[in-house]
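**Q** Take this sequence and fold it.
(one chain, ligands or ions: 2)
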Amino acid sequence: MTSGVDSSELAQIGVTGLAVMGSNIARNFARNGHTVALHNRSIAKTDALLAEHGSEGKFIRTETIEEFVAALQKPRRVLIMVKAGDPTDAVIEELAGAMEEGDIIIDGGNALYTDTIRREASLKQRGLLFVGAGISGGEEGALNGPSIMPGGPVDSYKALGPLLESIAAQVDGTPCCTHIGPDGSGHFVKMVHNGIEYADMQLIGEAYNLFRDALDYTPQQVADVFTEWNAGDLESYLVEITAEVLKQVDAKTGQPLVDVIVDAAEQKGTGRWTVKAALDLGVPVTGIAEAVFARALSGSRSQRKAAVGLASGTLAAKPSDAEQFTHDISRALYASKIVAYAQGFDQIAAGSAEYDWNLHPGDLATIWRGGCIIRARFLNRIKDAYDDNADLPSLILAPYFRDAIEDAIDSWRRVVITAASLGIPVPAFASSLAYYDALRAERLPAALTQGQRDFFGAHTYERIDSEGKFHTLWSGDRSEIQA
Ligand SMILES: NC(=O)C1=CN([C@@H]2O[C@H](COP(=O)(O)OP(=O)(O)OC[C@H]3O[C@@H](n4cnc5c(N)ncnc54)[C@H](OP(=O)(O)O)[C@@H]3O)[C@@H](O)[C@H]2O)C=CC1
Ligand SMILES: O=C(CO)[C@H](O)[C@H](O)COP(=O)(O)O
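**A** Numbering: from 1, shown residues only. Ligands and ions are numbered 1, 2, ... in the order given. Okay, the predicted model is just below:
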C-alpha cells in the first residue's frame, strides 16, 4: 500500500495495464471518487503511477493477479488496457482463472472485433461477463474524459454504465458513453472511428501539402490558417492539434519540427482492419482506404528514394490568388470529411445488419462529440441528421450535408484539378470527389463490367426493362437467353 490508500475499502474498479492509456484512465476513475485497484505486469509502472499521482484519489496497489482480484468489490469489474492481440488473451486467461461467476472483464484496448466476439462467447461459458469497449481520446482524453464505446451484454452495462459515464467526456450534459450493442459491436464501432480518424488525418495532411507546395507557405503560415479554420465549421480536435504541431520549433535545429520529422507514417493496424472489414462487407470506404494506402506508400522509403526525379510532365503555374485557394482547400476538406464520415456510417450500418447488432448511428454521433480524436463541431450536425431520419440512405443526403457539399463542390473540383496540374498527390481529396460523383451518377460503367463478365464467364446480367437474369450467347449467335 502507498500514500492515498485506504486498505479497509475495496475497489469499485481495477485497471490492469498501466501504460499511457491505463494509467490515465485509472487516475480519471480515482479523481472521480472511485477507489481503483492497480495492476501491471511489471510493477515499476504501478509504483511510478502511485509515486507521481497517488495523492489524486484512492488507489490500491497490487502485485499479483490474485491480490488484484481480491482487492475488488463484487461483482468485480476489471478494465484491461494492454496491447491488443496475444497479450490481451493472456491477461484475460489469467484474470478469468481468478474471478467468479458474474464478474465483469472489460477490454478497453483496440481489439479486433472478431476477437471480442470470440472472447465474449468463451467467457460467457465460464459465467463471466465480457465487455469489449472502444476507448478514444489518447492520453489527454483518458485522463480528462474519453469517448467510451462499450459493447457486450446489456446486463453488464447496468453494472458498468454509471462508472464509465462518470469518467467519460460530457457534451451539453450528455456523457460520451453509451451501450453500443452486443458482443463485438463496441470494438467494431471503435475500429470504424479509427478508420475515420485515418481519413481525417490524411485529408488534413493533403491540405497542408497543398499550402506548402502550391502556395509556398511556411509551417507557421499553415498553422495560422488551421487556427482560423478551428473557429469555423471545421472546428475539431485534429484541426486544433495540427496547428499546434505545425507551430512547434525543433530545439535542436531551430527549424519547424514538422520539417525534421521523417515523412513515413506508421500504423498500428486499426485503419487496416477497417478497410479489410469493409471489403468483406462490400462497403466502399474509399477515403479510409486511401488514407491507409497513403501511410503505406509514405513508408516505402527505398522505393520512394529510387523514384525521386521521375518525370512530372509539364506543370501548371501555381495559384495566383492565395485567399481564394485557401477558401477552396477549406471547402474541399469539409466536403471530403463529410464523405469519410458518410462512408464510416455506411460501414457501421452494414456491420450492424451483418451481426444483428441494431446499432443507432445517432447515438454514435452523440458520443463522438467529445473526448475522442475525431470529435468535431459537425458531429452535432450528424446527430441532428440521424435524429431527423434514422434511416438515412447516406449521410450525404441529409439536407444540411447536401447543401454543404453543393456550396463546396466548385472549390472541391478546383482543388483536385489544381493538385493534379501541379503534380501534388491528393489521393483522399480526389477519391472522395470521385465517390461523390459516382454516388450521384445516373449511369455507371458497371453495365459494361457486367457485359464483360457475361462475355468471359457467362456470369449473367440484369436488364433495365425486364425481371430476371440474362446471358448473351457470345460465342454462338449472340442471341440473348434468360438464365
Ligand atoms: N495510446 C493511445 O493513444 C491509445 C491506445 N489504445 C489502446 O489501449 C491499449 C493500451 O495502450 P497504451 O496505453 O498505448 O499501451 P501499449 O499498447 O503500449 O501497451 C503497454 C501495456 O501492455 C502491457 N503488456 C504488454 N504485453 C503484455 C503481456 N503479454 N501481458 C501483460 N501485459 C502486457 C504492458 O505491460 P508492461 O508495462 O509490463 O510492459 C503495458 O502495461 C492498447 O490496446 C491500445 O491499442 C486505445 C486508444 C488510444
Ligand atoms: O486508437 C487510437 C486513437 O483513437 C490510437 O491512438 C491508435 O493507436 C492510433 O492508430 P495508429 O497508431 O494506427 O495511428
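**Q** where do the strands sit along this structure?
**A** Ranges of strands in the chain, per DSSP state E, are 13-16, 36-39, 59-61, 77-80, 104-107, 129-136, 147-150, 170-171, 174-175, 470-472, 480-482.
**Q** show me the contacts for the closest residue to Gly132 other than its chain neighbours.
**A** Using Cβ to Cβ, 6 or more residues apart in numbering and skipping the chain neighbours, the partner closest in space to Gly132 is Thr116 (3.4 Å). Using the backbone N, CA and C atoms, a C-beta is placed for each residue, glycine as well. Contacts for Thr116 (Cβ atoms under 8 Å, 6 or more residues apart in numbering) come out as Asp107, Phe130, Gly132, Gly151, Asp183, Gly184, Gly186, His187.
**Q** I'd like the residues you listed as CSV, with neighbour count, pLDDT and distance to Glu140 appended.
**A** Output for those, formatted as CSV (neighbours: other Cβ atoms under 10 Å; pLDDT from 0 to 100; distance: Cβ to Cβ, whole Å):
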residue, neighbour count, pLDDT, distance to Glu140
Asp107, 32, 98, 22
Phe130, 26, 97, 28
Gly132, 31, 98, 23
Gly151, 30, 98, 24
Asp183, 24, 96, 30
Gly184, 27, 98, 27
Gly186, 30, 98, 21
His187, 33, 98, 22
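**Q** how near is the closest residue to ligand 1 within the stretch 201-350 of the chain to ligand 2?
**A** Ligand 1 sits closest to Lys268 of the stretch 201-350 of the chain, with a gap of 6.2 Å, by Cβ to the nearest ligand atom. Separation of Lys268 from ligand 2 (Cβ to the nearest ligand atom, to the nearest Å): 4 Å.
**Q** mind listing what that residue touches?
**A** Contacts of Lys268 (Cβ under 8 Å, 6+ apart): Asn110.
**Q** Model confidence at it, what's the number?
**A** Per-residue pLDDT puts Lys268 at 95.
**Q** next one: Pro87
**A** On the pLDDT scale, Pro87 gets 97.
**Q** Output stretch 366-379 as CSV, restricted to C-alpha atoms.
**A** Taking C-alpha atoms only, stretch 366-379 is exported to CSV below (Å, rounded to 0.1, in the frame of the first residue of the first chain):
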residue,chain,number,x,y,z
THR,A,366,-23.6,11.8,-29.9
ILE,A,367,-20.8,10.1,-28.1
TRP,A,368,-18.1,11.1,-30.6
ARG,A,369,-18.9,14.8,-30.0
GLY,A,370,-16.5,14.9,-27.1
GLY,A,371,-13.4,13.2,-25.7
CYS,A,372,-12.4,11.3,-28.9
ILE,A,373,-9.8,12.0,-31.5
ILE,A,374,-12.4,12.6,-34.2
ARG,A,375,-14.5,15.0,-32.1
ALA,A,376,-15.7,17.8,-34.4
ARG,A,377,-18.2,20.6,-34.4
PHE,A,378,-20.0,18.9,-37.3
LEU,A,379,-20.8,15.8,-35.3
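**Q** which residues are contacting it?
**A** 136-138, 141, 145-149, 168-171, 174-178, 193, 196-197, 200, 233-239, 334, 337-338, 341, 365, 380, 383.
**Q** Among these, which ones lie close to ligand 1?
**A** Ser136, Gly138 (Cβ under 6 Å from any ligand atom).
**Q** Quick check on the contacts of stretch 366-379: which are buried?
**A** 136-138, 141, 145-149, 168-169, 171, 174-178, 193, 196-197, 200, 234, 236-239, 334, 337-338, 341, 365, 383 (16 or more other Cβ atoms under 10 Å).
**Q** Pull up the residues of the stretch 101-250 of the chain that are close to ligand 1.
**A** Gly109, Asn110, Ile135, Ser136, Gly138.
**Q** Just the closest of the residues you listed to ligand 1, please.
**A** Gly109 (2.5 Å).
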